[in-house]
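Asks: Pasting the sequence and the predicted coordinates here, then a few questions.
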Amino acid sequence: MSAAARRVCVGIITGAHGVRGAVRVKSFTADPAAVAHYGALEDEAGERRFRLRLVGDAKGVLIARVDGVADRDDAEELRGLRLYLPRAALPPPGAEEYYHADLIGLAVTRADGTPVGQVRAVYDFGAGDTLDIAREAGPPVMVPFTRAVVPVVDLAAGRLIIDPPPGLLAPIEEEPAE
């Protein structure tokens, strides 16, 4: 497993806040403030390190100071920066809990062993997690990440088993040309 694969995105800088170099941070941690308590965070390439010091919150984001960022221009340059931690720095998930990063890349099969594809993303649109699966044959499919649809997650084997409801994996039929 590559070093990048052993890291987890825990937040993103969404822009500057004020004129003194503070930034807005969207946290992806269960406790949003925890993003600043794990120590130095890295950029996506793992080349730069950032320390956050929380100074407030506003409208679903945290307000933080970043070491070395002194003004709004410096803060604006960080807009869109994803913040990563080594996977080992995070606490182990509870029973039947998973980090999204642990699910991405898993092979997906049916209970009978028929390959379906690979998890390429995990989304939460408000009604629970949804797996985005790149299929071996056919267009990608979105699958609800529930025990009924995904009865087995085997991280050690690098796979999960799905039991999709009828029609979920049916090919999309093309509209007849007029």
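Replies: Nice, thanks for sending it over.

Asks: All the strands of the chain, in order from the start?
Replies: 7-17, 22-27, 41-42, 49-50, 52-58, 61-66, 82-86, 107-110, 115-124, 129-135, 141-144, 152-154, 159-162 (DSSP state E).

Asks: Out of those strands, which is the most enclosed?
Replies: strand 22-27 (a mean of 23; mean count of other C-beta atoms under 10 Å). All C-beta spots, glycine's among them, are computed from the backbone N, C-alpha and C.

Asks: For that one, the averaged confidence score.
Replies: Strand 22-27 shows a mean pLDDT of 96.

Asks: ok, that strand: who's next to it in the sheet?
Replies: strand 7-17 (antiparallel), strand 61-66 (antiparallel) (DSSP bridges).

Asks: In a markdown table: these, plus distance to E44.
Replies: Formatted as a markdown table, those follow (distance: least, C-beta to C-beta, whole Å):
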| stretch | distance to E44 |
| --- | --- |
| strand 7-17 | 8 |
| strand 61-66 | 16 |
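
Asks: nearest to V150, of those?
Replies: strand 7-17 (20.3 Å; C-beta to C-beta).

Asks: So what's the gap between that closest one and the chain middle?
Replies: Computed by C-alpha atoms, centre = their mean, to the nearest Å, the chain-centroid distance of strand 7-17 equals 12 Å.

Asks: Understood, closing this out.
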